[in-house]
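**Student:** coordinates for the following, if possible.
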Amino acid sequence: MLTYLNNGTLTLEIHLRTNKQVDPASFVPSNPCSGNLLKGFNDEEMSDVAFEVGGEVESAANRRKRGKTITTRFHAFHAILRLNAPSLSDMCRPGDEAAVPINGVEPEVFKMLLYFCYGGKVSEDELEANAKAIIEAADRFEVINLKLQAEAVLTEQTEVTVDNMLDNLLYANSKNLALFQEKIMDFVAENGDRIVGNVSFDDVPGNLISDILTAVARGKRSISESAPEDDLKFMRVGELRKQLHDKGLCIDGSRDAMIALLGENSASDETGALET
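**Tutor:** Predicted coordinates for the structure are as follows:
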């Protein structure tokens, strides 16, 4: 015993460990609403409208050619479409016996769109493989968030070149793809010396000139220099959309339309503040 003493003092080293008991009563399930909605996806018994999708579909390679596809029937609940695909819901009424014909959309693409309306998620692989087809359908039926998801994927996967720049620009403008258009404008601003004399802008709508000038001006600014918070004209599309979303405003539109909407909203807020 004496050998364990240190100057007459016995020192003990004690290790303690506690076992925390998990209270089984602490489990609380999440809101089942989203999962329950998906259970009703394309369920005939839980639906009050139907769509017959297929028929003529424009060829991506040559839009003058049309090909026949086998039609596929889909079922949906009108109230869900009213909230998530307004233009699609306007094509039918609850309880219609006849299915509404939908041409110009591949059945698989329509299925993704309908699944998204029910709260489902379209995978990254599906977005990459069908970006333009999804944009076309989502724009047509006003499924805005799906359209913007497909646009983000298209923007990421597209390599803009001098040869394809003009076609991509006209396409982006025709579908109000502000993010994709911004990428092309950045390319124009960075490669002006390669574009001048090699690309004709005769067919470019006049409203795009403002975007081109904005991209050039933004490119001249110092990378470390940021625009004032209220300087909407130099904001990136992502920030414009975020501000619109935070205010509960529509985020689908051209750059000019988004800036105008934010300006109108700010003016309305200021007027309301003065009145109070």
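**Student:** pLDDT below threshold where in the stretch 101-250 of the chain?
**Tutor:** 218-230 (pLDDT under 70).
**Student:** please enumerate the helices of it.
**Tutor:** 107-117, 124-129, 131-141, 144-157, 165-174, 178-190, 192-195, 208-220, 237-246 (DSSP state H, counting those that start in this stretch).
**Student:** with distance to Thr72 and mean neighbour count added, can I get the ones you listed in JSON lines?
**Tutor:** In short, each C-beta sits where N, CA and C put it, glycine included. What follows is these, written out as JSON lines (distance: least, CB to CB, whole Å; neighbours: other CB atoms under 10 Å):
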{"stretch": "helix 107-117", "distance to Thr72": "4", "mean neighbour count": "21"}
{"stretch": "helix 124-129", "distance to Thr72": "17", "mean neighbour count": "14"}
{"stretch": "helix 131-141", "distance to Thr72": "14", "mean neighbour count": "22"}
{"stretch": "helix 144-157", "distance to Thr72": "19", "mean neighbour count": "19"}
{"stretch": "helix 165-174", "distance to Thr72": "27", "mean neighbour count": "18"}
{"stretch": "helix 178-190", "distance to Thr72": "30", "mean neighbour count": "21"}
{"stretch": "helix 192-195", "distance to Thr72": "44", "mean neighbour count": "13"}
{"stretch": "helix 208-220", "distance to Thr72": "38", "mean neighbour count": "15"}
{"stretch": "helix 237-246", "distance to Thr72": "33", "mean neighbour count": "16"}
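**Student:** would JSON lines of these with distance to Val49 be doable?
**Tutor:** Below are the helices of the stretch 101-250 of the chain laid out as JSON lines (distance: least, CB to CB, whole Å):
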{"stretch": "helix 107-117", "distance to Val49": "11"}
{"stretch": "helix 124-129", "distance to Val49": "24"}
{"stretch": "helix 131-141", "distance to Val49": "13"}
{"stretch": "helix 144-157", "distance to Val49": "19"}
{"stretch": "helix 165-174", "distance to Val49": "29"}
{"stretch": "helix 178-190", "distance to Val49": "32"}
{"stretch": "helix 192-195", "distance to Val49": "49"}
{"stretch": "helix 208-220", "distance to Val49": "39"}
{"stretch": "helix 237-246", "distance to Val49": "29"}
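**Student:** no further questions, thank you.
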